[in-house]
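Asker: Sequence first, then the predicted structure, then my questions.
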Amino acid sequence: MTAESFPLTWLYAPGDRPEVVGKALACGADVVLIDLEDAVPPDRKDYARAATAERLTQRQPVPVHVRVNALDGPWLEADLKALTALPGLSGLRLPKVTSPADVVRVAERAAPTEGGTRAEGGAIPLHALLETALGVEQAFAIASAHPDVRGVSLGETDLRADLGVREDAGLDWSRARVVVAARAARLPPPTQSIHPDIRDLEGLAASCARGRALGFLGRAAIHPRQLPVIERAYLPTPQEIATAEEIVKAAARDPGAQALPDGRFIDTAVVTGAQRTLALARRLN
C-alpha cells in the first residue's frame, strides 16, 4: 500500500485549450482530467479531440484521464477511436452514466486491439460519473458492471439540477449511496465533485471536511488554487497519524482482535484503516 494508491487531487482542464492543459500538468495535481464534454462547445469538439490525442501520443508527467463526450451522442465514437490506443492515456471518465449497459458498451469499444500502442498494453480504467437520479439508483450495478470500472463518483452540478435540490444537504443521501456502492463493488472511495466557486476557499475546505466525514477520498478541482485546500482537507492530522501508528504497532505485536490499554477495540478492519492513514501520511514527507 503506497501513497500513490490514493490520488487526492484531480484537476479538470478543457481539451480545446492545450496551453491550459500544459499548465495543469505542471501545477501539482495528482491526476489531470482533460475534458472533451461540458467544457468544450460543439464547434470545438474536433479540435479538442485532436489536440488531446496529439498530447497523449507520449507518456505524461502525471496520470491523465479524459472525460469523453456523451455516451449517447455523436462524438463518442470518434473520441474512443482517437484516444484508446495512446500511451499517455491513463483512464476514461464517462459522463452521465445511467445503467450498467452504458459502461459495458464503452468497455467493449475501448478494449485494446492487436497492434495497439498503449504502453501498458492492457485495459483502460473507466470511471463512471453518476449525474442523474437514475444513475444514482443504479450505483452499485454500474460500479460492478465490468472489470474495467475502477471508480465511480457523482457529477453534482447536473445531479442537483435533475433532483431540483437547492440546499447542499439535499445531496447527502446520494453521496452516501455512491460511497456505499463503491465499497460494495471493491472500488476505491469516490472522489468529491467539484466546488464551482474558485474564490470560495473557506467554503471548499468546509465542503471537503463534510465529504471526508461521508467517506469520500480526494476531490475534483477546476482551478489550481483549489488543490492545496483539497489536499490539506484529506491528509491525516498529526493526531490521526499518531493513533494509526499505535494501532499498527499493536497489531504487529498481536495480529488478533484486541483492546488497547485505553479501552479502544481494534480488529482487522481498524488496522486496514490505520494502514491507509499512514500511506496518506507519507505524502507529508
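Answerer: Right, received. Where do you want to start?

Asker: Measure how buried the spatially closest residue to Leu129 that is not a sequence neighbour is and give me the count.
Answerer: For Leu129, ignoring the flanking residues on the chain, the nearest one in space by C-beta to C-beta, 6 or more residues apart in numbering is Gly155 at 4.4 Å. From N, CA and C alone the C-beta is placed, and that goes for glycine too. Here the count is done by other C-beta atoms under 10 Å, and Gly155 has 24 residues near it.

Asker: Make sure Gly155 is actually in contact with Ala128.
Answerer: No: using C-beta atoms under 8 Å, Gly155 makes no contact with Ala128, being 9.9 Å away.

Asker: low-confidence ranges in this structure?
Answerer: Applying pLDDT under 70 to the chain flags residues 1-5, 112-121, 284-285.

Asker: now the residue nearest to Leu129: how far from Pro190?
Answerer: Noted for Gly155: a distance of 11 Å to Pro190, by C-beta to C-beta, to the nearest Å.

Asker: try Ala220
Answerer: Noted for Ala220: a distance of 10 Å to Pro190, by C-beta to C-beta.

Asker: list the residues that contact both of the two?
Answerer: Residues touching both Ala220 and Pro190 by C-beta atoms under 8 Å, 6 or more residues apart in numbering: Ser153.

Asker: More neighbours: which of those two?
Answerer: Higher neighbour count among Ala220 and Pro190: Pro190, with 29 against 25, using other C-beta under 10 Å.

Asker: Now do the SS call for the more buried one.
Answerer: Under DSSP: H, G, I helix; E, B strand; the rest coil, the three-state class of Pro190 is coil.

Asker: Grab the nearest non-local neighbour of it.
Answerer: If the residues on either side of it in the chain are set aside, Pro190 comes closest to Ser153, at 4.1 Å by C-beta to C-beta, 6+ apart.

Asker: Give me the residues contacting whichever strand or helix holds that neighbour.
Answerer: When elements are assigned from DSSP states H and E, Ser153 belongs to strand 149-154. The contact list for strand 149-154, computed with C-beta under 8 Å, 6+ apart, reads 91, 103, 107, 125-131, 136, 139, 142-143, 171, 174-175, 178, 181-182, 185, 187-188, 190-193, 220.

Asker: Please, where are all the helices along the stretch 151-285 of the chain?
Answerer: Applying DSSP state H, counting those that start in this stretch to the stretch 151-285 of the chain gives helices spanning 156-163, 172-184, 201-214, 227-234, 238-253, 268-281.

Asker: Make TSV from those helices and add distance to Pro147 to it.
Answerer: Output for the helices of the stretch 151-285 of the chain, formatted as TSV (distance: least, C-beta to C-beta, whole Å):
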stretch	distance to Pro147
helix 156-163	26
helix 172-184	15
helix 201-214	27
helix 227-234	27
helix 238-253	31
helix 268-281	23
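
Asker: Thanks a lot, catch you later.
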